[in-house]
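**Q** Okay, predicted coordinates and the sequence, questions at the end:
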Amino acid sequence: MPTFAIAQNRGALEEIIVTAQKREEALQDVPIAISALSADNLQKQGIANLNDFQGGQVPSLKVVQFAGRPNAIQLGIRGITESDPTQLTQERPVAVYVDGVYVARGNGMDTEVFDVERMEVLRGPQGTLFGRNAEGGALNITTRKPKGEFGFKQELEATTLDEYKSRTLIDSPEWNGLSASLGYLHRQANGWVNNPADNRDYNWQNKNAYRLALEYKTGDVTVDYAYDHSNVDYMQNYNVLQHKPPNALTPQPVGDGRQDNAYIGSLQPVQNTENDGHNLTIEWNANDELTAKSITGYRNLKDNNSAGAETENAFVPVALAGSPRVFSPTPTAASVVALTDFQSSAITRQNQLSQEFQLIGDM
């Protein structure tokens with residue numbers, strides 16, 4: 001099974017440290033089917049967010065953008081995939097953890113990896129260490145800790161598809177055991193299907209995210225605090241039904257070209273997803289054999305979504321009276337019904353508070 005490693009200048013391979021078993025261990029010592037990707041691996045493969053894993057970079061990992069929702073993704077490992085990541089009533093079969101804190105919802109999970117140290121994909125089941133929602137496996141994301149010395153990094157990126165991205169990373173010098181880092185991301189992607197009704201593009205997205213990390217070390221105790229925030233404004237994806245009922249009276253022409261204009265009469269509202277997260281980790285190295293850790297997490301999700309479907313001269317057949325599965329071979333006005341337009345809106349609010357205590361040692 002392929003595993004990604006970090007190459008040093010001398011041509012050797014550096015030992016890869018993972019936390020798949022809630023402790024730092026060398027990858028080759030972990031008896032789990034796991035793929036680990038460092039920040040350098042992610043950058044070299046052009047992986048900027050979780051959506052970029054759709055190319056099969058990690059064995060058994062399936063990442064699919066949820067229909068009509070560019071900011072929601074479906075995760076699957078070993079064929080076990082969630083059906084709808086936006087439903088609050090459904091549990092996820094693949095557990096997602098960021099710095100030890102469980103992320104319960106898929107809304108806004110197109111997470112940018114601009115301040116990530118390592119990503120681990122654990123093929124399931126992983127319920128023993130990661131809970132009941134890990135029958136498919138787990139995605140364990142570890143963010144970058146402050147370096148304790150001044151540092152500044154600025155990246156600008158532009159593509160021919162009118163997508164622009166800016167990433168800023170700042171580290172402060174250590175002061176009395178306290179270090180800090182700040183990361184900021186701006187991503188803007190223009191859509192490619194225009195709606196002349198309101199002169200706005202479908203598929204456009206505007207995202208701003210930042211993350212503040214603090215680390216304090218004193219003696220055998222290390223305290224890490226992180227706050228992350230992301231705000232995404234976007235227009236829903238433009239989708240076209242590829243299949244039509246065989247008895248439709250006036251089906252619209254279907255081709256293999258790209259549609260650049262969609263004449264939708266109603267104004268489509270802008271969608272918005274906002275995520276906030278707090279993480280406080282306190283670690284005490286009691287001795288060489290025992291470490292105590294407290295992980296406190298709080299996350300808040302606000303999601304405003306609207307979706308609609310509009311038709312033009314579209315009809316579907318109606319079953320014959322007394323025969324619910326038999327349709328008229330010759331469509332007439334009495335054997336079909338016109339499709340009507342619809343618009344739906346969903347407002348999602350979710351708060352989660354988690355607390356975990358760990359005692360890590362050797363018996």
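**A** Good, I have the coordinates.
**Q** rest of the way, CA atoms for contacts and neighbours
**A** Noted.
**Q** beta partners for the nearest residue to Gly277 once chain neighbours are set aside?
**A** Nearest in space to Gly277, with sequence neighbours left out and distances taken as Cα to Cα, 6 or more residues apart in numbering, is Arg299 at 4.3 Å. Listed by DSSP bridges, the beta-bridge partners for Arg299 are Gly277, Gln352.
**Q** Now for Arg299: which residues touch it?
**A** Val103, Asn275, Asp276, Gly277, His278, Asn351, Gln352, Leu353 (Cα atoms under 8 Å, 6 or more residues apart in numbering).
**Q** For my notes, please list the residues you listed in CSV and give distance to Asn133 for each entry.
**A** Shown next, in CSV, are those (distance: Cα to Cα, whole Å):
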residue, distance to Asn133
Val103, 11
Asn275, 21
Asp276, 22
Gly277, 20
His278, 22
Asn351, 18
Gln352, 15
Leu353, 17
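**Q** Return the member of those nearest to Asp303.
**A** Asn275 (8.6 Å; Cα to Cα).
**Q** wait, is that closest one part of a strand?
**A** Yes. Looking at Asn275 with DSSP: H, G, I helix; E, B strand; the rest coil, it is inside a strand.
**Q** Distance of it relative to Tyr164?
**A** According to Cα to Cα, to the nearest Å, Asn275 and Tyr164 sit 22 Å apart.
**Q** in the stretch 201-350 of the chain, what spans have low per-residue confidence?
**A** Scanning the stretch 201-350 of the chain for pLDDT under 70 picks out the ranges 237-269, 307-344.
**Q** Try it again at 80.
**A** 201-203, 235-270, 305-346 (pLDDT under 80).
**Q** Nearest residue to the most centrally placed residue in the chain in space, please, no chain neighbours.
**A** By Cα atoms, centre = their mean, the chain has its centre lying nearest to Met109, at 2.4 Å. The shortest distance from Met109 to any non-neighbouring residue, by Cα to Cα, 6+ apart, is to Ala72 (5.7 Å).
**Q** State which helix of the protein is the longest.
**A** helix 39-44 (DSSP state H).
**Q** For that one, enumerate the helices and strands it packs against.
**A** strand 116-123 (3 or more Cα pairs under 8 Å, 6 or more residues apart in numbering; DSSP states H and E).
**Q** if you average pLDDT over the strand it packs on, what comes out?
**A** Confidence over strand 116-123 (mean pLDDT, whole number) is 88.
**Q** do the same with stretch 141-153
**A** 92.
**Q** which residues touch that stretch?
**A** Stretch 141-153 is contacted by residues 96-99, 115-120, 167-174, 178-181, 213-215 when judged by Cα under 8 Å, 6+ apart.
**Q** Give me the subset of the residues you listed lying in strands.
**A** Secondary structure from DSSP state E places 96-98, 116-120, 167-171, 178-181, 213-215 of the contacts of stretch 141-153 in strands.
**Q** Secondary structure element holding Val223?
**A** When elements are assigned from DSSP states H and E, Val223 belongs to strand 221-234.
**Q** then that strand to CSV, C-alphas only?
**A** In CSV, the C-alpha atoms belonging to strand 221-234 read as follows (Å, rounded to 0.1, in the frame of the first residue of the first chain):
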residue,chain,number,x,y,z
VAL,A,221,3.1,21.4,30.7
THR,A,222,2.2,22.5,27.1
VAL,A,223,-1.0,24.5,26.4
ASP,A,224,-2.2,25.0,22.9
TYR,A,225,-5.1,27.1,21.9
ALA,A,226,-6.5,27.7,18.4
TYR,A,227,-9.4,29.6,16.9
ASP,A,228,-10.4,29.1,13.3
HIS,A,229,-13.1,31.0,11.3
SER,A,230,-14.3,30.6,7.7
ASN,A,231,-17.0,32.4,5.8
VAL,A,232,-18.1,31.3,2.3
ASP,A,233,-20.5,33.2,0.0
TYR,A,234,-21.3,31.2,-3.1
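**Q** How about residues contacting whichever strand or helix holds Trp284?
**A** Element membership for Trp284, per DSSP H and E: strand 271-285. Contact with strand 271-285 is made by 71, 99, 101, 107-108, 220-236, 291-306, as judged by Cα under 8 Å, 6+ apart.
**Q** Kindly supply the PyMOL command isolating those of these that are buried.
**A** Selecting only the buried entries of those in PyMOL, with 16 or more other Cα atoms under 10 Å as the criterion:
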select buried, resi 71+99+101+107+108+222+223+224+225+226+227+228+229+230+231+232+233+234+235+236+291+292+293+294+295+296+297+298+299+301+302+303+304+305+306
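**Q** got a list of what Glu157 touches?
**A** Tyr164, Lys165, Ser166.
**Q** So it belongs to a strand, correct?
**A** Yes. Checked against three-state DSSP, Glu157 lies within a strand.
**Q** which residues does it bridge with?
**A** Beta-bridge partners of Glu157, counted by DSSP bridges, are Lys165.
**Q** From Glu163, how far off is it?
**A** Distance of Glu157 to Glu163, given as Cα to Cα: 8 Å.
**Q** Repeat that for Ile47.
**A** 15 Å.
**Q** more neighbours, those two?
**A** It is Ile47, of Ile47 and Glu163, that has more neighbours when counted by other Cα atoms under 10 Å, with 19 against 16.
**Q** Do I have it right that the more buried one meets Gln57?
**A** No. Taking contacts as Cα atoms under 8 Å, Ile47 lies outside contact range of Gln57: 9.5 Å.
**Q** Which parts of the stretch 51-200 of the chain are strands?
**A** 61-65, 73-77, 80-81, 94-98, 101-102, 116-123, 137-143, 151-158, 163-171, 178-189, 193-195, 200-202 (DSSP state E, counting those that start in this stretch).
**Q** any chance of those strands in JSON lines, plus distance to Ile347?
**A** Shown next, in JSON lines, are the strands of the stretch 51-200 of the chain (distance: least, Cα to Cα, whole Å):
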{"stretch": "strand 61-65", "distance to Ile347": "20"}
{"stretch": "strand 73-77", "distance to Ile347": "18"}
{"stretch": "strand 80-81", "distance to Ile347": "24"}
{"stretch": "strand 94-98", "distance to Ile347": "23"}
{"stretch": "strand 101-102", "distance to Ile347": "22"}
{"stretch": "strand 116-123", "distance to Ile347": "30"}
{"stretch": "strand 137-143", "distance to Ile347": "27"}
{"stretch": "strand 151-158", "distance to Ile347": "33"}
{"stretch": "strand 163-171", "distance to Ile347": "28"}
{"stretch": "strand 178-189", "distance to Ile347": "24"}
{"stretch": "strand 193-195", "distance to Ile347": "24"}
{"stretch": "strand 200-202", "distance to Ile347": "20"}
